[in-house]
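**Q** Any chance you could fold what I've pasted below:
(chains A and B)
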Amino acid sequence: MALIVALFMFPVYWVLTTSLKTPLEAFAKPPALIFRPTFENYQELFSGTDFARLTLNSIIAAVGNTVISIILGTTAAWGMSRYRIGGNWLFIGVLSIRFLPVTSIVIPLFLLFVQFRLIDTFATLPLAYLVFSLPFVIWMMRAYIDGIPYEIEESAMVDGASRLAVIWRIVIPLAAPGLVPTIIFCFIFAWNELVFATVLTRVTARTAVVGLTAFASTSEDAIRWGLISAAAMVVMSPPMILAFLLRRHLAGGLTIGAIKH
Amino acid sequence: MDLLPGKMAVVVRFAARKPYWTVVIPIALLAVVAVYPIIELVRLSLHNAPSATGGVEVFVGLKQFGWILESSEFRNSLKVTFIFIFGASVVEIFIGLALALLFNVESTLARVFRLLLVLPAMLAPVAVGLIWVLILNSDFGILNYLLGLVGIEGQAWLASPALAMRSLILIDAWQWAPFVALFLLAGLRSLPTEPFEAAKVDGASPIQIFRYLTLPMLQPVLAVVFLIRVLDGTKLFGLVLVLTSGGPGSSTNVLGLEIFKKAFEGNQMNFAAGMAVIQLLLVLLFAGVYTILFLRSHAAAIGDDT
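**A** This is a model prediction of the structure:
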């Protein structure tokens, strides 16, 4: 069992250690198992290339998209849960958008964004990712809000609270356990996304994942393995840290609705 | 029924006036970024771009799909996609089931591992691809070095047409078999315990229990997770882009990659749109099957409870 765990984790261990090796050590045969970790690759990555800027762009895209889709999605989920707005048909319609293949939708979306002069701006990716994040948030949050008793909201409304106040003061705090994994999944999806980021951005708003892909295709001579590994670690770290911090929520979130508990 | 008439009136009034504003902005946004693009995609696929000298789009109708079906690149990409989808899904189900059964015990190591299962699914496919590019590199990769130690000749894992697809499937399995295992573990835990206890009392062997109890009872969950993997497989892009870019030759040139290349490198938007419509139909087909299975497994689960 321990062997399986070790084998399973080896690739992540290997890229981590490669990112901490000097170029000489990275190519050493036999592989350098004992070496003095160096942060040279990370220094080079953040000062010698524009990867820091790309990382910042990734954060902007992911946070921007997450904020918009959580606010709009949770509100819509509340309306669809409490008042059955649009009934099941609207819900199924929204949900089916999630199944769209990225490579299909990106062609017309690209032409649309060209028309609106929205290629390569900071609004580009937060808007484009709504295709997938909004249905996702509505789906997750509607299921969650369905499970919250209505009485508290009802009495607040009787006491004269507006609906917006009800959503912000009562629904959001009560739905927090469902909201947290939803936020994390939104963030990770946008952070990892490649196709939209490649097609809809050029320079200004280019993200780290696209930068990483470019590294891979330009470094065929494989001289800069340490650097590539460092970039891969930067791309992999936020999802890994978030997944670790929220491990309990995530396992439930991944399988939500698919299995009856 | 302890509501006062006055209170009741307020509640009724609120309930009667549905807050449509809650859905207006999200639905309008989705209409612009998702619904309109689908319509536009279909329209594009039925037209051809104006000639280089200018003019307007030419309506070609279903002829576009005739050309696509005749294209050997498209046919190859479809074949490659199906090989990948079913290869990867089957491998992932088998490994996932093995992992789930192995780690469905109470021990510290099993608990730690169950927490780790979620990790690979969280990673960008591009990053996963790069890790394996480092490991599988035929000259400097660690795998060929380790094989050399035990006297096995190193292979060009990603550069040989015979091996590239298998490597791709196994790498996808590294990322997604743990996710499948997580799903199946949740499924295993939701099974009732009585039949298993009864079987043990009756002296059934572990293999018999697995064959005649676990497997049939887990079957609805297996079907759902299999379809999830099939759906994801249809959309494969990032992983294969980094690992092989579709090569060597076109042995791993999946549909997503072919669409992308035609649209944004070959500048054949309409042709690519036609292929994208076919990809969409494939996904719709799988999603339809998924929905049916999903509803059926829910019905079964509810049936078990009552």
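**Q** shaky segments in the stretch 51-200 of chain B?
**A** Along the stretch 51-200 of chain B, the model assigns pLDDT under 70 to residues B:51-55.
**Q** How are the strands of it distributed by residue range?
**A** The residue ranges that make up the strands of the stretch 51-200 of chain B, judged by DSSP state E, counting those that start in this stretch, are B:58-59.
**Q** And the residue nearest the centre of chain A?
**A** For chain A, the residue lying nearest the average C-alpha position, counting by CA atoms, centre = their mean, turns out to be A:Ile188 (1.8 Å).
**Q** quick one: pLDDT of the residue of chain A found nearest chain B?
**A** Checking chain A residue by residue against chain B with CB to the nearest CB singles out A:Gly79 as nearest, at 3.0 Å. Quick note: C-beta positions are derived from backbone N, CA and C, even for glycine. At A:Gly79 the predicted local confidence, pLDDT, stands at 92.
**Q** does it really touch B:Tyr20, like I thought?
**A** Yes. The criterion here is CB atoms under 8 Å, and A:Gly79 meets it with B:Tyr20 at 7.4 Å.
**Q** Reduced to three states, what does the residue nearest to the centre of chain A come out as?
**A** Following DSSP: H, G, I helix; E, B strand; the rest coil, the label given to A:Ile188 is helix.
**Q** Spatially nearest residue to it, not counting backbone neighbours?
**A** The spatial neighbour of A:Ile188 that comes closest, neighbours along the chain excluded (CB to CB, 6 or more residues apart in numbering or on different chains), is A:Pro239 at 4.7 Å.
**Q** Spell out the secondary structure type for the one you found.
**A** The local conformation at A:Pro239, judged by three-state DSSP, is helix.
**Q** Now for it: which residues touch it?
**A** The contact partners of A:Pro239, by CB atoms under 8 Å, 6 or more residues apart in numbering or on different chains, come to A:Ile188, A:Trp191, A:Asn192, B:Met122, B:Leu123, B:Ala124.
**Q** Tabulate these in TSV, adding columns for distance to B:Leu280.
**A** Output for those, formatted as TSV (distance: CB to CB, whole Å):
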residue	distance to B:Leu280
A:Ile188	25
A:Trp191	26
A:Asn192	22
B:Met122	27
B:Leu123	27
B:Ala124	24
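**Q** Make a PyMOL selection of the buried ones in those residues.
**A** Command for PyMOL that selects the buried part of those, burial taken from 16 or more other CB atoms under 10 Å in any protein chain shown:
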select buried, (chain A and resi 188+191+192) or (chain B and resi 122+123+124)
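**Q** if we can go back for a sec, of A:Gly79 and B:Tyr20, who's got more company?
**A** The residue with more neighbours, out of A:Gly79 and B:Tyr20, is A:Gly79; 25 against 12, by other CB atoms under 10 Å in any protein chain shown.
**Q** Please identify the helix or strand for that one.
**A** helix A:51-82 (DSSP states H and E).
**Q** Next, the contact list for B:Leu284, please.
**A** For B:Leu284, the residues meeting the contact criterion (CB under 8 Å, 6+ apart) are A:Phe99.
**Q** what helix or strand does it sit in?
**A** Under the assignment here (DSSP H and E), B:Leu284 is part of helix B:269-305.
**Q** Now that helix: buried residues?
**A** B:269-280, B:282-283, B:286-287, B:290, B:293-294, B:297-298, B:301.
**Q** Likewise for stretch B:75-93?
**A** Of the residues in stretch B:75-93, those scored as buried under the neighbour-count criterion (16+ other CB under 10 Å) are B:76-78, B:80-81, B:83-85, B:87-89, B:91-93.
**Q** now those residues in TSV, with distance to chain A?
**A** As requested, the buried residues of stretch B:75-93 are exported to TSV (distance: CB to the nearest CB, whole Å):
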residue	distance to chain A
B:Asn76	17
B:Ser77	11
B:Leu78	14
B:Val80	14
B:Thr81	11
B:Ile83	18
B:Phe84	14
B:Ile85	13
B:Gly87	19
B:Ala88	16
B:Ser89	16
B:Val91	15
B:Glu92	14
B:Ile93	15
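**Q** among the buried residues of helix B:269-305, which are in reach of chain A?
**A** The overlap between those and the neighbourhood of chain A (criterion: CB under 8 Å from any CB of the partner chain) consists of B:Met269, B:Ala272, B:Ala273, B:Ala276, B:Val277, B:Gln279, B:Leu280, B:Val283, B:Ala287, B:Phe294, B:His298, B:Ala301.
**Q** and the closest residue to the second one other than its chain neighbours, what is it in contact with?
**A** What it means is B:Ala272. Leaving aside its chain neighbours, B:Ala272 sits nearest to B:Ala263 (3.5 Å; criterion: CB to CB, 6+ apart). The contact partners of B:Ala263, taken as CB under 8 Å, 6+ apart, are A:Val106, A:Ile107, A:Phe110, B:Met269, B:Ala272, B:Ala273, B:Ala276.
**Q** quick check, B:Ala263 in a helix?
**A** Yes. The assignment for B:Ala263, made by three-state DSSP, places it in a helix.
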